[in-house]
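> Need a 3D model of the sequence below.
(2 chains)
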2 protein chains.
Amino acid sequence: MPIAPTQDSSRDARAFREEIRAGRHDGTTAGHARGNVQANLVIVPHDAAFDFLLFCQRNPKPCPLLEVTDPGSPEPRMLAPGADLSRDLPRYRVFRDGEMVEERTDVSDLWRDDFVGFLLGCSFTFDWRLIGAGLEVRNFVQGTNVSMYRTNIPCRPAGVFEGPLVVSMRPFLPQDAIRAALISAELPQVHGAPIHLGDPAAIGIEDLSAPDYGDPTPIHEGEQPVFWACGVTPQEALLRAKLPIAITHAPGHMFVTDLREDELPAFTERIT
Amino acid sequence: MPIAPTQDSSRDARAFREEIRAGRHDGTTAGHARGNVQANLVIVPHDAAFDFLLFCQRNPKPCPLLEVTDPGSPEPRMLAPGADLSRDLPRYRVFRDGEMVEERTDVSDLWRDDFVGFLLGCSFTFDWRLIGAGLEVRNFVQGTNVSMYRTNIPCRPAGVFEGPLVVSMRPFLPQDAIRAALISAELPQVHGAPIHLGDPAAIGIEDLSAPDYGDPTPIHEGEQPVFWACGVTPQEALLRAKLPIAITHAPGHMFVTDLREDELPAFTERIT
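Residues are numbered from 1 along each chain as shown, chains lettered A, B, ... in the order given. As a prediction, the model looks like this:
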């Protein structure tokens, strides 16, 4: 159910989250919620929260922090007052002792009073700007999730967290790749400019047709694969940190915020 | 000892920090270290570090985080490898149980293996850009510290941390105020654009001639006071948080990093 932007985009976002909470949308949010900021979710217990916050601070390209909830509260008060991070995403992944043990559509029964929720900007947000500029976002046309890959680029470690950078990929003709770079660079809060283009092997990606996360995306004659830092990066770090429990969104199944993408600069410039 | 910029500004910064460590410079760093990024320092024990990191994340204008050290390490590896945050600032303030109990030039004997150091960008960094654009930074001309004031604008609380926004003030003629706003906006990592200008009473400042921190700055006929968010803000929060111990720089007595101010955009855009 793609939502059309209106004057009141927070109403649209709320309506979409209600569909999700009611179980009527459990697929990717790519191509949905036009105009609204989408976010990656990471939930860790309080005793790992400093390390994770530090991991984000040290790796701002894959982990552009938008909001961190108060310990115990699943409500992102700034980005979506009244929302519930334990129920309002279409699909979650549950990590236990360094293994992804379960995918489910609701984690409210797992919620604990020491959980801290982290929302990181998602590139699905600038996809709509690319579309608006006349670029073809291939996975939108296909109705599929974006392709994501583990790279050989290490993140800066922080406490128990370390691991490789994960990237999302969109193919473009060279001129469009340049335009996509310029347009995405305007939104650093949702990963900003790409980190690489052209040669997948140079960043450790062996087979573009077999993404580590999401769906395959065909690349047409003359197109370049363009790679953006991706908010799935923390999931690789969670596999290595082996926390007793952690929860994330399922790749491509994001939290839709009330914030409009054109409000991002003002959000970042807020006084306090 | 103002330092002139050379090709190797990290050498200049190191030399200046050595002067400081040797006790030959214990005054303000305003007007020094041209071309190098200056930073506010906050040191808290590990058990308060998540709350403080969250306070910074929620209040990015006063607390633009540049680097956080690993618990126990006084070395800022990214901004000044080899430096020692417990000795390389000209002047520190020691807080115990919510009181500022001591000002000193070295805190290495107080260092603990659970201390975490936070470096926040300082507006002294863009002062040099203002000078370069032909603007008069009054406190440079005077050779004094910048004027800083407590406001009536509350920060967003985070755990034990809350308190009012502190601002620095520079007076400019209206046209220059506009130019100063545009120039500083280019460096969000060191507080970016001003948060207010013109009417001090509107943000709770009663007497411009009696700053809460730093030295008074005369305002000439026709000039507007222009206010920037200031990295002394955490010191107000520390007074309220009443931690058993915390350490900061003394207002205006900053940590001089190896990073050049023109490297700030690349620093922010670093992949990991």
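> count of residues packed around residue A:169?
Residue A:169 has 25 neighbours, counted by other Cβ atoms under 10 Å in any protein chain shown. All C-beta spots, glycine's among them, are computed from the backbone N, C-alpha and C.
> Assumed it was part of a strand.
Yes. Counting by DSSP: H, G, I helix; E, B strand; the rest coil, residue A:169 is found in a strand.
> where exactly do the helices run in the stretch 151-272 of chain A?
A:174-185, A:233-241, A:264-268 (DSSP state H, counting those that start in this stretch).
> If we ignore the residues flanking it in sequence, what's nearest the residue in chain A that chain B sits nearest to?
Closest contact between chain A and chain B, by Cβ to the nearest Cβ, is at residue A:50 (3.8 Å). The spatial neighbour of residue A:50 that comes closest, neighbours along the chain excluded (Cβ to Cβ, 6 or more residues apart in numbering or on different chains), is residue B:50 at 3.8 Å.
> list the contacts for the one you found?
A:46, A:49-50, A:53, B:159 (Cβ atoms under 8 Å, 6 or more residues apart in numbering or on different chains).
> Can you report phi and psi for it?
The phi/psi pair for residue B:50 (degrees, to the nearest 10) reads phi -60, psi -50.
> For the residue of chain A closest to chain B, give its distance to residue A:240.
In this view, residue A:50 and residue A:240 are 17 Å apart by Cβ to Cβ, to the nearest Å.
> ditto for residue A:93
Where residue A:240 is concerned, residue A:93 sits at a distance of 15 Å (Cβ to Cβ).
> Count the neighbours of the closest residue to residue A:36 other than its chain neighbours for me.
Closest residue in space to residue A:36, ignoring its immediate chain neighbours: residue A:13 at 5.0 Å, by Cβ to Cβ, 6+ apart. Using other Cβ under 10 Å, residue A:13 has 26 neighbouring residues.
> and residue A:13, that's in a helix?
Yes. Residue A:13 forms part of a helix when assessed by three-state DSSP.
> so it touches residue A:32, yeah?
No. Using Cβ atoms under 8 Å, residue A:13 makes no contact with residue A:32, being 10.2 Å away.
> Can you show me the strands along the stretch 1-150 of chain A?
Secondary structure of the stretch 1-150 of chain A, counting by DSSP state E, counting those that start in this stretch: strands at A:36-45, A:65-68, A:92-96, A:99-104, A:115-121, A:147-154.
> who touches the third one?
The reference is to strand A:92-96. Residues beyond strand A:92-96 that count as contacts (Cβ under 8 Å, 6+ apart) turn out to be A:41, A:100-107, A:110, A:235, A:238-239, A:243-250, A:253.
> The same query, at a cut-off of 7 Å, please.
For strand A:92-96, contacts defined as Cβ atoms under 7 Å, 6 or more residues apart in numbering or on different chains pick out A:100-104, A:107, A:110, A:235, A:238, A:243-250.
> Tell me the residues on the stretch 101-250 of chain A that lie near chain B, please.
Within reach of chain B by Cβ under 7 Å from any Cβ of the partner chain, the stretch 101-250 of chain A has these residues: A:153-156, A:165, A:193, A:195, A:229.
> Separate out the buried members of those residues.
Buried subset of these (neighbour count, 16 or more other Cβ atoms under 10 Å in any protein chain shown): A:153, A:155-156, A:165, A:193, A:195, A:229.
> Need the max-distance pair from those residues.
A:156 and A:193 (18.8 Å; Cβ to Cβ).
> if we can go back for a sec, return the subset of the buried ones among the residues of the stretch 101-250 of chain A next to chain B lying in strands.
Cross-referencing these against strands under DSSP state E gives A:153, A:165, A:229.
> Perfect, that will be all.
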